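A.B. asks: fold the following, please.
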Amino acid sequence: MNKMNIKTLLIAVIASMTVSLSAVFADGHKYTVTADNMSEHSSMLTPGMMNMFSAYPDTFKMNVHANGGDCTLDPDVAAISQTNGTMVNDNEGIEVPNVGQVPFPDPSHPQHYMWNYRMYAGTVSAVDRVQTSVYVKNDGSLTIGQQETSISFPTNPRTKTMYADNNLFALFMQKNLGPPRTAGTVTLVHDFIDSYVQPRKAWQYSPATRRVRRAPDITYDTLTTAGGGIVTVDSYGGFNGAQDKYDWKYEGKQTMIVPINNDDLANNAIEDVFTPNHPNMDMVRFEERDVHIIHATLKPGQRHLYASRTFYFLDGQPGMLVYHDAYDDNQDLMRANFQTTVAGNMGGIGLTDTACNVQGEYTMDFATRAYAGTNLFGPALSPRQTVYNGEEKAVSFYTPDGLRRYAR
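C.D. replies: Down below sits the predicted model:
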């Protein structure tokens with residue numbers, strides 16, 4: 001065979017390989033996990049996700065892509081986050097070298113991961129937004145809500161307003177815009193870093209009574225208004241509030257299939273995303289990433305809807321939460337939650353292009369076969385731009401009187 005023929009043959013072979021590879025990657029992902037091949041990937045799946053394959057074998061799947069971009073910390077926050085802080089008061093409080101830093105840039109204790117995630121919201125000074133919630137019944141019918149929310153984080157170095165209480169982590173005001181049965185309900189929360197010293201304070205305005213009342217039960221396993229009866233208050237935002245009801249255990253680092261870089265969910269209409277039983281899995285993007293696994297077991301004598309819970313945090317900073325499995329008293333899996341993450345502003349303003357942001361929280365309830373999407377953001381879901389690090393509300397806004405004025 002002469003050189004020209006050999007060259008022609010090589011070109012043909014390479015061209016054939018290119019066509020074949022193009023066919024494999026034409027739809028944008030490397031491989032798909034289904035109920036049929038789930039066992040081949042079980043080491044990279046949470047119990048919650050494996051249960052989803054069992055519950056919905058004909059529709060649940062995971063399209064796994066090549067790894068995309070990594071989210072990063074705000075440079076100003078990263079610069080001051082060089083040294084670990086210390087947990088105090090039975091690990092319910094923290095003391096850190098720099099106000100506003102990541103508490104534990106080199107985590108060595110299971111609760112360090114919880115603290116890093118819980119305090120991540122404070123890497124911005126203020127948030128002004130309208131988020132969407134969707135509850136999907138087992139028959140596929142949708143209940144759509146929206147919540148207008150303002151939050152200030154006094155611990156952020158950019159925060160201009162001065163607060164006398166250094167233990168104050170967040171001031172939170174939320175007005176329900178819908179659905180009609182909850183429209184007009186307004187909730188004010190003062191959230192503290194150290195709940196051992198100062199438990200959360202909350203007030204709520206009811207349009208039925210036109211009164212503002214203290215709401216001491218906006219904590220732990222109280223059910224949220226937007227979650228359709230399957231999302232607890234301390235699952236809002238992935239996890240928030242006191243950690244004192246549980247004993248915490250680190251269960252290692254592992255490569256798993258996780259939802260990340262989920263711009264499709266932010267850019268598609270509710271009716272296209274929220275299909276029966278679970279979100280439209282053609283729109284959920286997964287990658288293989290290292291995660292840290294933290295398991296929480298209810299302490300003796302404590303009460304909570306969830307007897308145990310397992311959290312899965314992305315390796316590195318900012319250590320976003322990607323999964324949360326919740327178990328009942330019999331250690332049966334009650335609910336599986338996954339959080340979808342994007343980089344940048346999702347149609348908002350005030351963040352760097354590589355800042356990590358939660359696009360939404362999706363909670364599947366196995367008993368009712370219903371699910372909820374909460375804290376949903378994106379151009380197709382938010383009626384106006386979210387503003388980060390923008391103008392802060394006056395201190396008087398986050399008071400019971402301010403709540404009353406805002407509600408009316």
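
A.B. asks: which parts of the protein are helices?
C.D. replies: Secondary structure of the chain by DSSP state H: the helices cover 3-25, 47-55, 75-80, 110-120, 263-267, 270-273, 400-407.

A.B. asks: mean pLDDT lowest where, among these?
C.D. replies: Least confidently modelled of those is helix 3-25, at a mean of 38 by mean pLDDT.

A.B. asks: what residues sit buried inside stretch 177-188?
C.D. replies: Going by neighbour count (16 or more other Cβ atoms under 10 Å), the buried part of stretch 177-188 is 177, 178, 182, 184, 185, 186, 187, 188. Quick note: C-beta positions are derived from backbone N, CA and C, even for glycine.

A.B. asks: the second one contacts residue 145, correct?
C.D. replies: Yes: using Cβ atoms under 8 Å, residue 178 and residue 145 qualify as a contacting pair, with a distance of 5.0 Å.

A.B. asks: ok, the spatially closest residue to residue 161 that is not a sequence neighbour - contacts?
C.D. replies: Using Cβ to Cβ, 6 or more residues apart in numbering and skipping residues adjacent in sequence, the residue nearest residue 161 is residue 392, 5.3 Å away. Contact analysis of residue 392 by Cβ atoms under 8 Å, 6 or more residues apart in numbering lists 125, 126, 152, 159, 160, 161.

A.B. asks: is it true that residue 47 touches residue 335?
C.D. replies: No: at 11.3 Å, residue 47 and residue 335 do not qualify as touching, with contact defined as Cβ under 8 Å.

A.B. asks: the more surrounded of these two?
C.D. replies: residue 335 (26 against 14; other Cβ atoms under 10 Å).

A.B. asks: which one is that one nearest to, not counting chain neighbours?
C.D. replies: Per Cβ to Cβ, 6+ apart, closest to residue 335 is residue 326, 4.6 Å.

A.B. asks: burial count for that neighbour?
C.D. replies: 24.

A.B. asks: who's in contact with it?
C.D. replies: Per Cβ under 8 Å, 6+ apart, neighbours of residue 326: 235, 305, 306, 308, 309, 333, 334, 335, 336, 337.

A.B. asks: for the fifth one, which residues count as its bridge partners?
C.D. replies: The residues paired with residue 309 through beta bridges, assigned by DSSP bridges, are residue 296, residue 326.

A.B. asks: list the contacts for it?
C.D. replies: Residue 309 makes contact with 246, 295, 296, 324, 325, 326, 327 under the criterion Cβ under 8 Å, 6+ apart.

A.B. asks: mind doing that once more with 7 Å?
C.D. replies: By Cβ atoms under 7 Å, 6 or more residues apart in numbering, the contact list for residue 309 reads 296, 324, 325, 326, 327.

A.B. asks: okay if I get those as a markdown table plus distance to residue 30?
C.D. replies: Below are the contacts of residue 309 laid out as a markdown table (distance: Cβ to Cβ, whole Å):
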| residue | distance to residue 30 |
| --- | --- |
| 296 | 33 |
| 324 | 26 |
| 325 | 25 |
| 326 | 30 |
| 327 | 32 |
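
A.B. asks: pLDDT for the residues you listed - can I get that in a markdown table?
C.D. replies: Output for those, formatted as a markdown table (pLDDT from 0 to 100):
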| residue | pLDDT |
| --- | --- |
| 296 | 98 |
| 324 | 98 |
| 325 | 98 |
| 326 | 98 |
| 327 | 98 |
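
A.B. asks: before we move on, the earlier item: just the contacts of residue 326 now: which is nearest residue 30?
C.D. replies: Ranked by distance to residue 30 (Cβ to Cβ), the contacts of residue 326 are led by residue 336 at 23.4 Å.

A.B. asks: give me the number of residues near the residue lying closest to the closest one once chain neighbours are set aside?
C.D. replies: Using Cβ to Cβ, 6+ apart and skipping the chain neighbours, the partner closest in space to residue 336 is residue 48 (2.8 Å). Neighbours of residue 48 under the rule other Cβ under 10 Å: 22.

A.B. asks: ditto for residue 37
C.D. replies: Using other Cβ under 10 Å, the number of residues around residue 37 comes to 13.

A.B. asks: how much space between it and residue 61?
C.D. replies: Distance, residue 37 to residue 61, using Cβ to Cβ, to the nearest Å: 10 Å.

A.B. asks: repeat for residue 403
C.D. replies: 45 Å.

A.B. asks: can you check residue 200 too?
C.D. replies: Remark: distance between residue 200 and residue 61 (Cβ to Cβ) = 39 Å.

A.B. asks: and if you look at residue 352?
C.D. replies: As judged by Cβ to Cβ, residue 352 and residue 61 stand 33 Å apart.

A.B. asks: what sits against residue 349?
C.D. replies: 385, 387.

A.B. asks: pairing partners for it in the sheet, please.
C.D. replies: For residue 349, the beta-bridge partners under DSSP bridges are residue 387.

A.B. asks: distance check, it against residue 359.
C.D. replies: Remark: distance between residue 349 and residue 359 (Cβ to Cβ) = 16 Å.
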